[in-house]
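Novice: fold the following for me, if possible:
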Amino acid sequence: MIPDLGAYAVEVSLAYLVSFVVIGALVWSTLRANSKTKRELDEAEGRWRNE
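Specialist: Numbers count the residues shown, from 1 in each chain. This is a model prediction of the structure:
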């Protein structure tokens, strides 16, 4: 099922690899930011309830 890319096999494979790495980095960054924001909101809510 793999198409014959001929002379461009290396370039196309590298483009796919770079794309997957960039998408993975964006997902990781989003999850990390989500975790940080959730922690900050939980802390702020805790301070508000304790007042």
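Novice: the spatially most central residue of the chain sits in which helix or strand?
Specialist: When CA atoms, centre = their mean is applied to the chain, the residue found nearest the centroid is residue 27 (1.6 Å). Residue 27 belongs to helix 9-50 when assigned by DSSP states H and E.
Novice: mean confidence score for that helix?
Specialist: Averaging pLDDT along helix 9-50 gives 92.
Novice: quick check: residue 3 vs residue 16, distance?
Specialist: From residue 3 across to residue 16, the span is 12 Å (CB to CB, to the nearest Å). Yep, even glycine has a C-beta here, placed from its N, CA and C like the rest.
Novice: who has more neighbours, those two?
Specialist: Per other CB atoms under 10 Å, whichever of residue 3 and residue 16 has more neighbours is residue 16, with 10 against 7.
Novice: return the residues in contact with the residue nearest to the centre of the chain.
Specialist: Residues counted as contacts of residue 27 (CB atoms under 8 Å, 6 or more residues apart in numbering): none.
Novice: distance check, it against residue 39.
Specialist: Counting by CB to CB, the gap from residue 27 to residue 39 is 19 Å.
Novice: try residue 20
Specialist: 29 Å.
Novice: cool, residue 45 as well?
Specialist: Counting by CB to CB, the gap from residue 45 to residue 39 is 11 Å.
Novice: same thing with residue 46?
Specialist: Residue 46 is 11 Å from residue 39, by CB to CB.
Novice: tally of neighbours for residue 26?
Specialist: 10.
Novice: the one 5 residues further on now?
Specialist: Applying the criterion other CB under 10 Å, we find 10 residues in the vicinity of residue 31.
Novice: with residue 45 instead?
Specialist: 10.
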